[in-house]
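Asker: got a structure for you, letters missing:
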């Protein structure tokens, strides 16, 4: 996949992570979007590095999507724990 595909995957993974974990985010829409993109990259890297699932060139690979969404969820939870009270 190209870098553009990973960004699109990250945008969608961030939206899915936000849907699965609703609530107020300290960064709003832009922060959640950036977390989704970073989560896609991190999830793909972890999947390829430690889970022995190489990154395929297929955009519709289920394992790639699961890794991107999981990475986005982990980053979103960490972001909320670190900066959750900054908008109160």
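Answerer: Here it is on my side, so go on. The shown structure was predicted, so the numbers you read here are calculated from the model rather than taken from an experiment.
Asker: So which residues make contact with stretch 71-88?
Answerer: Around stretch 71-88, the neighbours that count as contacts under CB atoms under 8 Å, 6 or more residues apart in numbering are 10, 13-14, 16-18, 20-21, 23-27, 31-32, 35-36, 38-44, 46. Using the backbone N, CA and C atoms, a C-beta is placed for each residue, glycine as well.
Asker: other SSEs contacting the helix-or-strand element of the chain with minimal mean pLDDT?
Answerer: The weakest-scoring helix or strand in the chain, judged by mean pLDDT, DSSP states H and E, is helix 28-50 (a mean of 79). Contact partners of helix 28-50 among helices and strands, from 3 or more CB pairs under 8 Å, 6 or more residues apart in numbering; DSSP states H and E: helix 3-20, helix 62-83.
Asker: Between helix 62-83 and it, find me the angle.
Answerer: Comparing the axes of helix 28-50 and helix 62-83 via axes from the mean of the first three to the mean of the last three CA atoms, to 10 degrees yields an angle of 130 degrees.
Asker: ok, back up a step: out of the helices and strands packed on helix 28-50, which comes closest to residue 51?
Answerer: For the helices and strands packed on helix 28-50, proximity to residue 51 was assessed by CB to CB; helix 62-83 is nearest, at 7.7 Å.
Asker: chain center to the closest one: distance?
Answerer: Its chain's C-alpha centre and that of helix 62-83 lie 5 Å apart, by CA atoms, centre = their mean, to the nearest Å.
Asker: Can you point out the buried residues in it?
Answerer: Neighbour-count burial for helix 62-83, with 16 or more other CB atoms under 10 Å as criterion, is recorded at 64-65, 67-76, 79-80.
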